[in-house]
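J.: Kindly return the folded structure for what I paste below:
(chains A and B)
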There are 2 protein chains.
Amino acid sequence: MTEEAAFRPEARNPRGFQDKRARDLRAERHILETVSKVYERYGFEALDTGAFEYADALGKFLPDSDRPNEGVFALQDDDEQWMALRYDLTAPLARFVAQNREGLPKPFRRYAFGPVWRNEKPGPGRFREFIQCDADTVGSARPEADAEIVALAVEGLMATGLKRGQAVLKINNRKLLNGLLTAAGVQSEGQKLGVLRAVDKLDRLGPDGVRLLLGEGRKDESGAFTKGAGLNARAAEQVLAFVAAGGGTRSQVLDNLAGVIGGSAEGDEGLAELASMDAALRSLGIGEDQASFEPSIVRGLEYYTGPVFEAELLIETLGEKGETLRFGSIGGGGRYDDLVARFTGERTPATGFSFGVSRLAAALRAAGQAQASEARGPVVVLVFDQNALGDYFAVVGELRAAGIASEVYLGGSGMKAQMKYADRRMSPAVVILGGDEIAAGTVTVKDLDLGRQMAQGVTDNKEWREGRPGQVTVPRAELVSVIRRIVEG
Amino acid sequence: MTEEAAFRPEARNPRGFQDKRARDLRAERHILETVSKVYERYGFEALDTGAFEYADALGKFLPDSDRPNEGVFALQDDDEQWMALRYDLTAPLARFVAQNREGLPKPFRRYAFGPVWRNEKPGPGRFREFIQCDADTVGSARPEADAEIVALAVEGLMATGLKRGQAVLKINNRKLLNGLLTAAGVQSEGQKLGVLRAVDKLDRLGPDGVRLLLGEGRKDESGAFTKGAGLNARAAEQVLAFVAAGGGTRSQVLDNLAGVIGGSAEGDEGLAELASMDAALRSLGIGEDQASFEPSIVRGLEYYTGPVFEAELLIETLGEKGETLRFGSIGGGGRYDDLVARFTGERTPATGFSFGVSRLAAALRAAGQAQASEARGPVVVLVFDQNALGDYFAVVGELRAAGIASEVYLGGSGMKAQMKYADRRMSPAVVILGGDEIAAGTVTVKDLDLGRQMAQGVTDNKEWREGRPGQVTVPRAELVSVIRRIVEG
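T.: A predicted model of the protein is given here:
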């Protein structure tokens, strides 16, 4: 013990991990709670898988590598098997479905939330642990299943407090561009990936930059050259016309797309799927402003096989230098019909959506749309007299029974420090119960909310003082109602 | 891609990790929600630290060992530092307080919940990941802070649905036995630990077995010898008298203890702390049946420095062979005044309690006290006619708007499989909307809850059939109210 005491570790978070206090947690929990309720109303059931998966189940089994830690946190178990912390909630779902497919209802509709871990370079606002909240339907190939996923993402966003016009679900279908490229004679998977990569840069580089990346390549300002996808000029123009086919209502975009995808079988399939989704979205009451077709959406290069979705926040906020900031994507998903087959060899259609909860919480807060009174602390009963602790505990017992968060100050300091404590906790009020009050059967209540509101200029001093004095002494029996009036504002 | 497809990983959980489905999750979430509310009412604020801590912060830094994985899941970060997944919520709290002490209110009252990980040998019902829910007060040396922790553990247990008499908080104080041993001339820390280990076996071995372990040692049935603590006979009898001092009200036990702890300064300090706790518990309205003093409680050999608490479930359940099972401990805690000082060198008093949430959920379920209707699924709208999908989605839209979980069947199978699906999901009802119904402006509802209740013999066939027919066809406008009647039972 004495040897160990000599060594003092530094108290610090691991790189890229953060501590979250009440304010952040309330915002996140509010999102999880409201979004979960939407998911359940849509008939999705909760599932929670463990933090670890075997590395091979995550597709991270690299026979040539000692540690399969590319992007994941991996370690070797006692029995030599490599395990890794999940980096999303989709891979564990695929494993779960493959493992339990006999016993599951089909389709299997599940939602899940919890932390995921990415072993990436951390940075400001870029953490290696964050919360996702997903809903997936496994075992339905219907485009209506995709439409429902979009609808619940829309409803989920509204449930968190966003208003219409503040967010939009953008929908695309991988089969469209694939079909176009096939019809244009592009066969190589590598070339197709190159096209996706180029399209993904549309926001940043504009059509001219993307044209270069679709063709031979592009030299940036620094002189660095990025090799292009190598399309011929005609194919490149077709791709550019395709990504420009968005805007307008869903059926207008469908019309535009029909003119530019060049009539391949796969492209037609993609169009038909989008048309079915449009019909289902209409039946589900999802407006054009809530979900639109947007051919320029790429959603990474991952495992998607058909429709892809991206949730975009449209609210803007001002940055530190007064510049306009847009939050952009706060979630996404799509159809991934091959993921379960990695285990079973049987194609199992699946589609889903994932909210970036931490990111959404930060965005809502920055946009001033987080819940009010989120940092509110407990009522604090000050300790005047060590011999009256029994009276103080009786007071908090009464307040708690009335559902009012409260506590007796349990530190060792005097009145000034106790008031500072209450202030730091954002207490709505303090209760003062000195010898005089106890003898007279009264209690004194100091309204701290009032002081804070006046300090913030939220309220006019005089007007409030009339209806709401800063400090009152009332009969003991009126304590709960006096406090309740302050707490409820 | 083709090469990877050739390799099929086996779909399996990592050893000692489990998947939890809706039923288990609802029970756990119900506990977390209700217990959190109690914690907040007591003035505790939420905190969430990351999954990882640096290994040295967990006291797991072993300079001679390559991998500090004794009991924890550890890995080395890119910068060579060892990180480990937290094995409890107390060590991260100590790190957080040491790291942020300037900015925190003092005392700092926080609650936290989430998974913790132990790298131990898994077994049946013994997992390597489980949920804890903790409340701690850091920065108060007052026994009243300990009493509050006990009170909120009691209230937390009640909030989960346990009734009075079904659980009890047992309280002891390390200073009592320490004082007794010091007065009896026992100086060595090793000997004191040996005494704690012996006392911890009281339940299993009884006083005679413990007497041997307090003295020279004990040979068990197999002939294996366990070395004892080496107390002389008089000291051993004092210890046995001490652990037998429980039973009766808190003040009776205090009287008993005064007679057996032998008057050391440390023992007297422990007695005075328990007396203060008793007074505060009374002021807080905590009954003798809810919290008792029990000198035989040891709570492991960890870092506790004063009062220790253990929550014990008193409800019994029948095992598979008809034997009586008691769940025993479902949480515990105590005062640990040295934990923050590991980082800062400054003694920082702290006390707290931790619920074993997964264990409590399992116990409540086994005792038949989990929430009713916990496995209830959504209302399922059957798909009769592919061309009527729009009508089906309009129906679920209406039901969901009324707060009723519902979905359109989105698989590809026929009526029989659809009914089987609804049954598997524990759907309260299915909605049938065929061409005739659509033409007539009606809808047919089949009550699956009724079928299940009759199958379980919960209800009498005839009596129910009168008020609640198994299947009805009603005007479309009455759909929501008919379904609501079924869902609300």
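
J.: Tell me which residues touch the residue nearest the centre of chain A, please.
T.: The centre of chain A sits closest to A:Val357, judged by CA atoms, centre = their mean, with a distance of 1.7 Å. Going by CB atoms under 8 Å, 6 or more residues apart in numbering or on different chains, A:Val357 touches A:Glu28, A:Ile31, A:Leu32, A:Val35, A:Phe113, A:Phe130, A:Ile131, A:Gln132, A:Cys133. To be clear about C-beta, it is placed using only N, CA and C from the backbone, and glycine gets the same treatment.

J.: what number of residues lie near the fourth one?
T.: A:Val35 has 25 neighbouring residues, counting by other CB atoms under 10 Å in any protein chain shown.

J.: Quick check: which element contains it?
T.: helix A:22-41 (DSSP states H and E).

J.: could you say what helices and strands that helix packs with?
T.: strand A:108-117, strand A:129-138, helix A:143-159, helix A:357-366, strand B:45-48 (3 or more CB pairs under 8 Å, 6 or more residues apart in numbering or on different chains; DSSP states H and E).

J.: For A:Gly434, find the nearest of those.
T.: Proximity to A:Gly434 (CB to CB) singles out strand B:45-48 among the helices and strands packed on helix A:22-41, at 27.6 Å.

J.: pLDDT of the closest one, averaged?
T.: Averaged across strand B:45-48, pLDDT comes to 96.

J.: elements contacting that strand?
T.: So strand B:45-48, by 3+ CB pairs under 8 Å, 6+ apart, packs with strand A:20-21, helix A:22-41, strand B:108-117.

J.: Look up the closest residue to the residue nearest to the centre of chain A, ignoring the ones flanking it.
T.: Distances taken as CB to CB, 6 or more residues apart in numbering or on different chains place A:Ile131 nearest to A:Val357, at 4.0 Å, with adjacent residues excluded.

J.: need the residues of the stretch 301-450 of chain A near chain B, please.
T.: Counting by CB under 8 Å from any CB of the partner chain, the positions of the stretch 301-450 of chain A adjacent to chain B are A:342-345, A:377-378, A:380, A:389-394, A:396-397, A:400, A:403-408, A:410-413, A:421, A:424-425.

J.: Output the below-cut-off pLDDT ranges for the stretch 101-250 of chain A.
T.: Flagging of the stretch 101-250 of chain A using pLDDT under 70 yields an empty set of residue ranges.

J.: So which residues on it come close to chain B?
T.: Neighbours of chain B within the stretch 101-250 of chain A, by CB under 8 Å from any CB: A:105-107, A:109, A:115, A:117, A:119, A:129, A:137, A:139-142, A:144-145, A:148, A:189.

J.: And the residues you listed, which of them are buried?
T.: A:105-107, A:109, A:115, A:117, A:119, A:129, A:137, A:139-142, A:144-145, A:148 (16 or more other CB atoms under 10 Å in any protein chain shown).

J.: Pick out the most distant pair among these.
T.: A:Asn119 and A:Glu144 (37.6 Å).

J.: Need the three-state assignment for A:Glu80.
T.: Following DSSP: H, G, I helix; E, B strand; the rest coil, the label given to A:Glu80 is coil.

J.: Could you give the number of residues near it?
T.: With other CB under 10 Å as criterion, A:Glu80 counts 6.

J.: hmm, back to that, roughly how far apart are the residue nearest to A:Val357 and A:Asp24?
T.: Remark: distance between A:Ile131 and A:Asp24 (CB to CB, to the nearest Å) = 10 Å.

J.: Please apply the same query to A:Val154.
T.: Taking CB to CB, one finds A:Val154 at 25 Å from A:Asp24.

J.: Helices of the stretch 101-250 of chain A, start to end?
T.: A:143-159, A:174-183, A:189-199, A:202-214, A:233-243, A:250-260 (DSSP state H, counting those that start in this stretch).

J.: Quick one: end-to-end distance for stretch A:180-198.
T.: Start to finish, the residues bounding stretch A:180-198 are 15 Å apart (CA to CA, to the nearest Å).

J.: Show me what that stretch is in contact with.
T.: Contacts for stretch A:180-198 (CB under 8 Å, 6+ apart): A:177-178, A:210, A:213-214, A:228-231, A:234-235, A:238-239, A:242, A:260-264, A:266-267, A:298, A:301, B:1.

J.: Looking at the contacts of A:Val357, which one is closest to B:Ala55?
T.: Of the contacts of A:Val357, the one sitting nearest to B:Ala55 (CB to CB) turns out to be A:Phe130, at 22.7 Å.

J.: what number of residues lie near the closest one?
T.: If you count neighbours by other CB under 10 Å, A:Phe130 ends up with 16.

J.: swap in A:Val116?
T.: 22.

J.: Across the sheet, point out what pairs with it.
T.: A:Phe130 (DSSP bridges).

J.: contact partners of the helix or strand hosting A:Ser329?
T.: Assigned by DSSP H and E, A:Ser329 belongs to strand A:324-335. Residues outside strand A:324-335 that contact it (CB under 8 Å, 6+ apart) are A:134, A:146, A:149, A:153, A:167, A:174, A:299, A:304-319, A:349-356, A:359-360, A:363, A:366-367.
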